[in-house]
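>>> here is the input, now give the coordinates:
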Amino acid sequence: MTRAGDGYVHSRAAVHQDPQAARCGLSVEAGGGADMKTTEARDDAHSDVRDGAQNNAHSDASNDARDGARNHARNALGRYGEDLAARRLTEAGMTVLARNWRPGRTGEIDIVARDGDALVLCEVKTRRAGTFQHPMAAVTPAKARRLRGLAERWLQEHGGAPPGGVRIDLIGIVLPDRGAPVVEHARGVA
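Residues are numbered from 1 along each chain as shown. I've put the predicted structure just below:
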């Protein structure tokens, strides 16, 4: 808490370095988004009393900055998970051929790899420990159809199916609050 010159006590979330965020190169605000919203609402209310008018510009700018930070954190988390997945595939003897392959606006294949004479298309899902859904539950029937469609596009653009066929795998990564990430590799999910 800090005492401001206007006579009001304003609360600002402390910035600390979360171990998981540090791996992604991020700083995280203590308390998360819910506390931040409460603080901003209280600050905006004080501004209304002090200025006699709503301060929507501050609120909109704060929301935009918070949304941008969330997107950046989500992208960094995804990249970190994909790096772990690519390393796991390489350690298993596979050759990574492409990452984040996009055939236009129809979707993305996180990792394309070769496992012997088979082509492997990998969907990577990364979650922090304690989140609502386990990463392995993220591939719904609709997502599996999209992955099969993306596999067909890859084959069209890269000369057809290899002798060993095509396999769609899922790599789920859970980042615990402490300790090493948990990496699960499910073969032939779609």
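>>> strand partners of the helix or strand where Val124 lies, parallel vs antiparallel please.
When elements are assigned from DSSP states H and E, Val124 belongs to strand 118-128. Note on strand 118-128: by DSSP bridges, its sheet partners are strand 109-115 (antiparallel), strand 166-175 (parallel).
>>> and the helix or strand where Glu152 lies, average pLDDT?
In this structure, Glu152 sits in helix 141-157 according to DSSP H and E. Mean per-residue pLDDT for helix 141-157: 93.
>>> what helices or strands is that helix leaning on?
strand 109-115, strand 118-128, strand 166-175 (3 or more C-beta pairs under 8 Å, 6 or more residues apart in numbering; DSSP states H and E). In short, each C-beta sits where N, CA and C put it, glycine included.
>>> try it again at 10 Å.
strand 95-101, strand 109-115, strand 118-128, strand 166-175 (3 or more C-beta pairs under 10 Å, 6 or more residues apart in numbering; DSSP states H and E).
>>> next, count neighbours for the residue lying closest to Thr90 once chain neighbours are set aside.
Once flanking residues are discounted, Thr90 sits nearest to Val96: 6.3 Å by C-beta to C-beta, 6 or more residues apart in numbering. The number of residues packed near Val96 is 16, by other C-beta atoms under 10 Å.
>>> my guess is Val96 contacts Leu89. True?
Yes. Between Val96 and Leu89 there is a contact under C-beta atoms under 10 Å: 6.1 Å.
>>> pretty sure Gly165 sits against Arg114.
No. Using C-beta under 10 Å as the test, Gly165 is too far from Arg114 to be in contact (11.8 Å).
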